[in-house]
Structure formats: structure tokens, C-alpha cells
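Q: Predicted model, plus sequence, below.
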Amino acid sequence: MIANRLLEADEDFNVHGEIERLTSSPHPGIELESEGNHWNVYKKNANPGPDVPPLGFIGEIYYDDMTDAPVDVMTPEAREYWNTHRWIAIAGFRESETTPCASFDEALNFILAINAAKTARPVGESEDPDDPEMYVQKFAKERGVPVEMPDIQAELVTPTGAALLVTLGYGAIGFTDDWLKISRRDSKGLAGRKKLVFQVLVVLAVYYGLLTDWHFHADPRFPWLFVGSRIDTHLTLPFVPTRLFNPDLGWLYLPFMVFVVVATSQAVNLTDGLDGLAIFPTIISAITFLALSYVAGATIAGFSLAEYLRIVSIPGSEELGVYCAAMFGAGVAFLWFNTYPAQVFMGDVGSLALGGGLGMLAVLTKNEVASAILHGVFLAETVSVIIQVASFRYTGKRVFRMAPVHHHFELKGWAEPKIIVRFWIISVMLALVALMSIKLR
């Protein structure tokens, strides 16, 4: 985040001296009031009246009692703005609704920028250089605060937009693969390595396009070029409270994210070998992620479900419930015709798209590791292929009669409906375990 890259506050900083300096000239439309360990920031209303008070409260600046250095900023407008325009960078505003600042000037500017992002008019409307609104607009523009943003961009810069774009991108890759198989009358389709490269590129494009603040900066540390991330880069484990173990992966989170999404997509693709085998676990995963995304982001009458369950709070994640519900509904409709004996088939266009969507849900709801439990059926199918290939390559022997593992049971004489239903039962049980991990943390 931008805020994380701000300079540390000077220990010799004198907040009282800064107050006198700032209230004289740079911000004639601002008044400050000391209260405890913070300053209340008020903005003068140009046209006060019976219904419009002369001063409007727009935020607080907290400072260290020992050094007088500003440490945090809180604005009442921020929560409402964040709930309305989630995942949009607003001058370093972060999920905890506070941000460290390098100086009192930085802190005051931050509050002004947040206020401007909600209420200001287009830049350049006022020609008065002393107009505090104009000053704030200029600051907001320089810092990248979105004063005006097209609706389509606001909709895409959300967790749902990111998941949707990955789903569409992976669907396009799968469609290309299916189309080549049909048009060439060849089962090879798109080469495996090309398919893998395209999948990685889609995730990277969505990440850098929607899930970063675009503020790249060089750094002497590897990998030398960094960018602020809009998603939490901490790793959460099922059954382990975040207060005990919640390491920040930093730049390593991106390759980890790519691995989770691509691996999930490939796993669903491998599972799609029997009628209804892949779509039912997908349906179960979708409804599970609906619950996980809702509890991570929903606040009911001021009561935060995430805080109660002691899981990571993810503002805006409850919107993913719409995406999950759509996946669930589409999956049920597809299963109606895909159940044994199948009338329609998923193909790569379906399996890669659904797998990519499930992978993004795991990332965006901070259940990357827990998804290994939830997607246990997909994981078992993938591991069986890895074991089979490795065993045959290095020992010349096969562990399974055929891989993925559902074909192994076919060759053992199990009826196809029996294999499918038993895998369905396993997927339901694993989903319940994944949901249990929330409370048991």
C-alpha cells in the first residue's frame, strides 16, 4: 500500500508548531481542535445556515504522546467511502481505516483528500488559489485520488470484477483448446505449455490491472521493482488463529497466488472425466465460498462477523457472494443435463473457467490453504496424476491402474455412478471440514 511506503515520522517533530504553521496560510478553510491524544479536523462551510453548521467534522489526527509525531489518521467519511468504492486506492487508505503519515501536513492532506474524493467538484472549476476545495482537488489529483471514475472501472476494481475477468480469460483459453480439437479433428488441441503460459498471463494481467495501485517503485531489495497491493499478502492457515500465525509473504504472494489459481484450474480440468464428477464439487465449493466471503466482509448492525470469528476481515468480500451464487446456479442447471448418462459436456471451456474462478475465490477470501481441503477431490485427482507420472518415469512402474484416480476405480470394476456419487459425498464432507476451520480458529 502507499501508506506502507511513507517515511517514518521525525522523532523531533513538534505537532503544536505544525498546527500554528498549517492553520495560518496553506489551509484557510480548515480549523483544528485539540482533544486528548488527537486533533479534530473541521472544514468551514462556505454557506452556513439553519441546516448547515459553520464547521463540518471531517477527521482526526492521532499523535504519539511522547514524541508528538503523527501516527494515525481516522476519517468518518472513510468507512462510507470504502464501503461504496471498495478496492480503489485513496491516498494510501488501508483496510484498518488508519494510515501512518510522515508528518502532520501529510496527515492533514490525507484527510482532505478523502473528503475531496467524496464531495469535490471537477478539478479546475474554481480559479481561487486560496479555495481549500481547489487545494484539496489538486492534492487529490497529484496523489491519484479518484475524484471521477467511470462506472465500468469502479465495478471492475472489486473482488468480483477480478474473479469474473479470470473466469472469462480462462474460459477463452479453454474455448480455444476445444475449438482446435474440433476443427483439426485432433485430440491434442492447444499445447499444454502454451495453455499454462496463457493461464499465468491472465492472472498476472488481472493482478496488475485491478489488484494493485499502479504505483511502481524501485528498491535495492530483490525483486527490485515493487507495487502496492490491494489484497492482503498475509498467509492464513485453517484451524490456526491469525494472531498466532499470519506471516506476510510480501512479493512472494504473487507467485503463490498464481500457483493457487492455475493449479485449481488444472485440477478441475483433470477431474472432468466422468459424467457430473467435476461439476458437483464445483457447486459445493461455490456455496462454501459464498459463506466464507460473506462472513469475511459483512457487518450487521455494527457487528463484524470476521472479528467475532477471528478471521481476516476483507472489506467488500461479501460482494463475491453474487459471483458464488451465479456459479452455484449455473452449476446446478448444467448438472441437470450432465448427470449420468450425460447429454452435454463441460469441455475445457467450462473446466478451466470454473477452476480459475474457484482459485480466485480462494485468494480473494484468504482461504488459499483451506481451499486444499475444500477442493480435496480435485487435489486427489491431481496428486494421483503426479504420482503416476513420477513413478513411471523413475521406476518404470505404475502406482494406479490408470490416472486420474477415478479411472483407477473404473478399471477395478466399480460402476461409473458409484464412483461419481462417492466422490460427491467426499466433496460434501470436505466442505464441512473447511467451514469448521473458521470457528475452530
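A: Sure, I can see it.

Q: okay, and for the stretch 151-300 of the chain, where does confidence drop off?
A: Along the stretch 151-300 of the chain, segments meeting pLDDT under 70 span 151-157.

Q: can you map out the strands along it?
A: 212-218, 225-229, 299-300 (DSSP state E, counting those that start in this stretch).

Q: just checking, which of those sits deepest inside the structure?
A: Among these, ranked by average contacts under mean count of other C-beta atoms under 10 Å, first place goes to strand 225-229 (a mean of 16). For glycine as for every other residue, the C-beta is placed from the backbone atoms N, C-alpha and C.

Q: is it true that Ser317 touches Pro159?
A: Yes. Checked against C-beta atoms under 8 Å, the pair Ser317 and Pro159 is within contact range at 5.8 Å.

Q: Quick check: neighbours shared by these two?
A: Here Ser317 and Pro159 have Ser293, Leu364 as joint contacts, going by C-beta atoms under 8 Å, 6 or more residues apart in numbering.

Q: out of everything not next to it in sequence, what's closest to Glu319?
A: In space, and not counting its chain neighbours, Glu319 is closest to Thr160: 5.0 Å by C-beta to C-beta, 6 or more residues apart in numbering.

Q: contacting residues around Gly321?
A: Gly321 neighbours (C-beta under 8 Å, 6+ apart): Leu290, Ser293, Tyr294.

Q: Going along the chain from whatever helix or strand it lives in, find the next helix or strand for me.
A: Here Gly321, judged by DSSP states H and E, is contained in helix 320-338. Downstream of helix 320-338, the first helix or strand assigned by DSSP H and E is helix 347-364.

Q: which is the next helix or strand following that following helix?
A: Going down the chain from helix 347-364, the next helix or strand is helix 370-374, by DSSP H and E.

Q: Tell me which residues of the helix holding Gly321 come out buried.
A: The neighbour-count check on helix 320-338 (16 or more other C-beta atoms under 10 Å) flags Leu320, Gly321, Tyr323, Cys324, Met327, Phe328, Ala330, Gly331, Phe334, Leu335, Asn338 as buried.

Q: Kindly report the same for stretch 430-441.
A: Leu430, Ala431, Ala434, Leu435, Ser437, Ile438, Arg441.

Q: Can you tell me the closest non-neighbouring residue to the third one?
A: For Ala434, ignoring the flanking residues on the chain, the nearest one in space by C-beta to C-beta, 6+ apart is Leu374 at 4.1 Å.

Q: How about the contacts made by the one you found?
A: So Leu374 contacts Ser285, Thr288, Phe289, Ala362, Asn367, Leu430, Ala431, Ala434 (C-beta under 8 Å, 6+ apart).

Q: How much space separates the first one from Phe328?
A: Note on Ser285: its distance to Phe328, by C-beta to C-beta, to the nearest Å, is 9 Å.

Q: With distance to Arg184 and pLDDT added, can I get the buried residues of helix 320-338 in a markdown table?
A: Shown next, in a markdown table, are the buried residues of helix 320-338 (distance: C-beta to C-beta, whole Å; pLDDT from 0 to 100):
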| residue | distance to Arg184 | pLDDT |
| --- | --- | --- |
| Leu320 | 38 | 93 |
| Gly321 | 41 | 93 |
| Tyr323 | 34 | 95 |
| Cys324 | 36 | 96 |
| Met327 | 31 | 97 |
| Phe328 | 35 | 97 |
| Ala330 | 29 | 96 |
| Gly331 | 30 | 96 |
| Phe334 | 26 | 96 |
| Leu335 | 30 | 96 |
| Asn338 | 25 | 94 |
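
Q: Closest one of the buried residues of stretch 430-441 to Ser384?
A: Lowest distance from Ser384 to these (C-beta to C-beta) belongs to Leu430, with 16.1 Å.

Q: So what does that closest one look like in phi/psi?
A: phi -70, psi -40 (degrees, to the nearest 10).

Q: returning to what we had before: in this structure the residue nearest to Glu319 contacts Leu320, no?
A: Yes. Between Thr160 and Leu320 there is a contact under C-beta under 8 Å: 5.7 Å.

Q: what's the angle from the lengthiest helix in the chain to helix 320-338?
A: Taking DSSP state H as the criterion, the chain has its longest helix at helix 159-184. Angle, helix 159-184 to helix 320-338, by axes from the mean of the first three to the mean of the last three C-alpha atoms, to 10 degrees: 30 degrees.

Q: tally of neighbours for Arg398?
A: Arg398: 14 surrounding residues under other C-beta atoms under 10 Å.
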